[in-house]
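A.B. asks: sharing a sequence plus its predicted fold:
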Amino acid sequence: MTDSTPSTGLTAPKLRLGIRDGSDDGWGYAPAPESTDHVELRDRYGLFIDGEFVDAGDGRTFETANPATEEKIADVALASDADVDAAVAAARRAYEEVWSKLAPRERGKYVYRIARVLQERGRELAITESLDGGKPIRESRDVDIPLAAAHFFYYAGWADKLDYAFPGRGARALGVAGQVIPWNFPLLMAAWKIAPAIAAGNTVVLKPAETTPLTALKLAEIIQDACVPPGVVNIVTGAGETGAAVVQHEDVDKVAFTGSTEVGKLIRRALAGSGKHYTLELGGKAANLVFEDAAVDQAVEGIVNGIFFNQGHVCCAGSRLLVQESVADEVISKLKDRMETLIVGDPLDKNTDIGAINSRAQLDKIEEYLEIGEEEGAEPFQTSCPVPERGYWCRPTLFLHAAQSHRVVQEEIFGPVLAVQTFRTVDEGIAMANNTPYGLSGGVWSDKGAKAFRVTSRIRAGVLWANTYNKFDPTAPFGGYKESGIGREGGLAGLHAYLRPEAAA
Amino acid sequence: MQSATATASFESPPIDAVGVEERVARLCSRSIKKDAKLQALHLTLSMIDLTTLEGADSEGKVRQLCAKALQLHAALPDLPHVAAVCVYPALVGVAKRALEGSGINVASVATSFPAGQAPIEIKLLEVRKAVEAGADEVDMVISRGRFLAGDFAYTADEIASVKEACGEAHLKVILETGELGTLDAVRRASDLAMRSGADFIKTSTGKIKPAATMPVVLVMLEAIRDHYLRTGEKIGMKPAGGISTAKDAIRHLVMVRETLGQDWLDPDLYRFGASSLANDVLRQIVKQRSGIYQSFDDFSL
């Protein structure tokens, strides 16, 4: 992408976009922070086992902090193997004695009740999510929480209709599900896991991520308030060891994991021969293909949504931009202009576009990739947006002239970093899109409908978007090919993953 | 019928309407508070083309409007003045005399506004008469019938002839987007107007609904941006019709800021065509300064 502007002696036209509040004579936005007054957070959170909050058996705790300020929010119980044992035993008891005997319609009522309370307490949950995880309030308020409620609503509807879900085959619950979820969409992932499981008649033991346990624990409060029978949902907090204990527990019938491919592989090995059912939703390195006949401004918006949504902490993020050479200069120049308008900062400010990186460890990993990309010969571009002094931040970043052989093209960075490559023909674009160990998602931008369908059908990934990106709906199955995982969540497929087919009665 | 080559020279990029609406929704989620809000309200006032375009308009009505333009709210003497007063050609002289020396421009609609269904000679004569009477700005309408029939060359020629007839007066080209049907057509008409000599492009006459919807304005702003990046020429934008509240106006300013940048946050390059917007903005300014909402009866018509 050489600068093709003819030398006229005049300065090239430039838009004055990135003016910040108070930093210039221009018009900026004053801070518009969401008030946290009505959000009650405890100093100390226990494990949620058998309907009660209890301390860890050995009394151990860990801290959860606000990544935007690095300040501690609360101490959270650290579950040991013995605590996980107790949680699984509670789940087993609740399954055998209560949940499997309950009329399906009654089960549905509880799930609906959880959905309604999630909506009612939406604002509190959104603020908690942004405090604990660093994501902008605009996203937690408009995406995470409404979608989490929508998942409970959707699966609540299936609870008494399982006989019709898979016509000609009966279906019954698997038993106890052990579920481990990541830190990028804490409450939403809890909803993806818990809603289909309990609606289908299973009981669960869920382990949230150690950096973002608070909304799952608030969900536990909601489950308590909703009078869901004790033991149907158990939440054990902790790090990797706690997760391993959940996944490998003998009395768990089904494992559902969302997280890194690395851990996913370990889990799959550990489960081999165990007879346990499992679904794994792992990493991704999705290609976002922009063709020369795309509506460019809307494609640029889609590229931004694809990679900068949730600081790029999204397994299905469009982290590889593949743009056709004939429009590459225009697309990249417009993308840079659009990036200049992105506001990085306080996650609780309603105008923030990009919040804090979730943890020190994740920021270190992203910064390592920023170095790797430069060493490999890609050309970095970062916006000029100021970032706060404390907390973990990363400006939106491009790696231009990236190549298929670069690690920043092959490996998942899980941050606001977009590798940009060009292609010449449709076939070349598809070949580059598929040349990856992953296969979770992808995007195609073309104003030609037939082309969009033809190309999406040739990309090997579980989720494909045409002329949009990062759209989620509880009715749509989600999951990957290759190293992006096994099984599907969401929709009927997601329900099926928590059921055992039976011969029709 | 147009030949293929003639059509090709009027090409514009495709627009995805769903994507535009999504972008607009995101821009509308910006939260403008405190000083930023007050600054935006003042800016809005300075961008207003205070407008009266009724069959019943009289000298008395226009003098009333000009008096309002000269003194928006007696209780707040430090306010910026509006950008222009917009009237029919027959009343340009009245407005010109009333506004003399104030720095407020007189804009006149012309070219057989609002339908534009008149012979070109008559349209050009109307433009010359308006300019002779003292109009600083001319708001023309494009021939939507010819444009929708695919006669882009006619539309382009017509705009160029009106521009010539304007002489020193600034030309605003009204696309009447409510009659164009698609955002693709809005983009094409915008490009065509800018390439044919428009100083401003304007959404609507105010006589047709929908008028200045946010998606339409965003597409026009993007056309202006692309034109600027290609040619270095800054074309102005005027949404008109349907923007009646301060909240709407601030949303437009956010859209301008994030699409075209600071340079367009200026009455020389951005205008609101509105009749009732000014008083809502004034009411909000009073609220920002005093903390209290006043009755609309406290603001002059």
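C.D. replies: Looks like it arrived, so ask away. Numbers count the residues shown, from 1 in each chain, chains lettered A, B, ... in the order given.
A.B. asks: count of neighbours near A:S274?
C.D. replies: When neighbours are counted by other C-beta atoms under 10 Å in any protein chain shown, A:S274 registers 14. Just so you know, the C-beta spots here come from the backbone N, C-alpha and C atoms, and that holds for glycine as well.
A.B. asks: would you agree it falls within a helix?
C.D. replies: No - under DSSP: H, G, I helix; E, B strand; the rest coil, A:S274 sits outside any helix and is assigned coil.
A.B. asks: for chain A, give me its nearest residue in chain B.
C.D. replies: Chain B approaches chain A most closely through B:G19 (2.9 Å), counting by C-beta to the nearest C-beta.
A.B. asks: that residue and B:V216: what is the separation?
C.D. replies: 14 Å (C-beta to C-beta, to the nearest Å).
A.B. asks: repeat for B:L125
C.D. replies: 31 Å.
A.B. asks: so which of those two has more stuff around it?
C.D. replies: Per other C-beta under 10 Å, whichever of B:L125 and B:V216 has more neighbours is B:V216, with 24 against 14.
A.B. asks: find me the pLDDT at the nearest residue to the more buried one once chain neighbours are set aside, would you?
C.D. replies: Leaving out its chain neighbours, the residue that sits closest to B:V216 by C-beta to C-beta, 6 or more residues apart in numbering or on different chains is B:T177, at 4.6 Å. pLDDT, B:T177: 98.
A.B. asks: quick check: phi and psi at B:T177.
C.D. replies: phi -60, psi -20 (degrees, to the nearest 10).
A.B. asks: could you list every residue that touches it?
C.D. replies: B:V186, B:A189, B:T203, B:S204, B:P210, B:A211, B:A212, B:T213, B:V216, B:M220 (C-beta atoms under 8 Å, 6 or more residues apart in numbering or on different chains).
A.B. asks: the third one reaches B:P239, doesn't it?
C.D. replies: Yes - between B:T203 and B:P239 a contact is recorded at 5.0 Å, counting by C-beta atoms under 8 Å.
A.B. asks: I'd like to know which of the contacts of B:T177 are buried.
C.D. replies: B:V186, B:A189, B:T203, B:S204, B:A211, B:A212, B:T213, B:V216, B:M220 (16 or more other C-beta atoms under 10 Å in any protein chain shown).
A.B. asks: in a helix, the first one, correct?
C.D. replies: Yes - residue state for B:V186 (three-state DSSP) corresponds to a helix.
A.B. asks: got a pLDDT number for it?
C.D. replies: 98.
A.B. asks: report the contact partners of it.
C.D. replies: Contacts for B:V186 (C-beta under 8 Å, 6+ apart) come out as B:I15, B:L175, B:T177, B:L180, B:V216, B:V219, B:M220.
A.B. asks: how about the secondary structure of the residue nearest to B:G145 when sequence neighbours are not counted?
C.D. replies: Nearest non-adjacent residue to B:G145, counting by C-beta to C-beta, 6+ apart: B:Q117, 7.3 Å away. At B:Q117 the chain is in coil, as set by three-state DSSP.
A.B. asks: I figured B:Q117 hits B:R144, correct?
C.D. replies: No - using C-beta under 8 Å, B:Q117 is not in contact with B:R144, being 9.4 Å away.
A.B. asks: those two - which one has more neighbours?
C.D. replies: More neighbours surround B:R144 than the other of B:Q117 and B:R144, with 23 against 11 (other C-beta under 10 Å).
A.B. asks: can you pull the contacts of the more buried one?
C.D. replies: So B:R144 contacts B:G116, B:E176, B:E179, B:L180 (C-beta under 8 Å, 6+ apart).
A.B. asks: mean confidence score for stretch A:158-173?
C.D. replies: 90.
A.B. asks: any buried residues in that stretch, and which?
C.D. replies: In terms of neighbour count (16+ other C-beta under 10 Å), stretch A:158-173 has its buried residues at A:W158, A:A159, A:D160, A:L162, A:F166, A:A171, A:A173.
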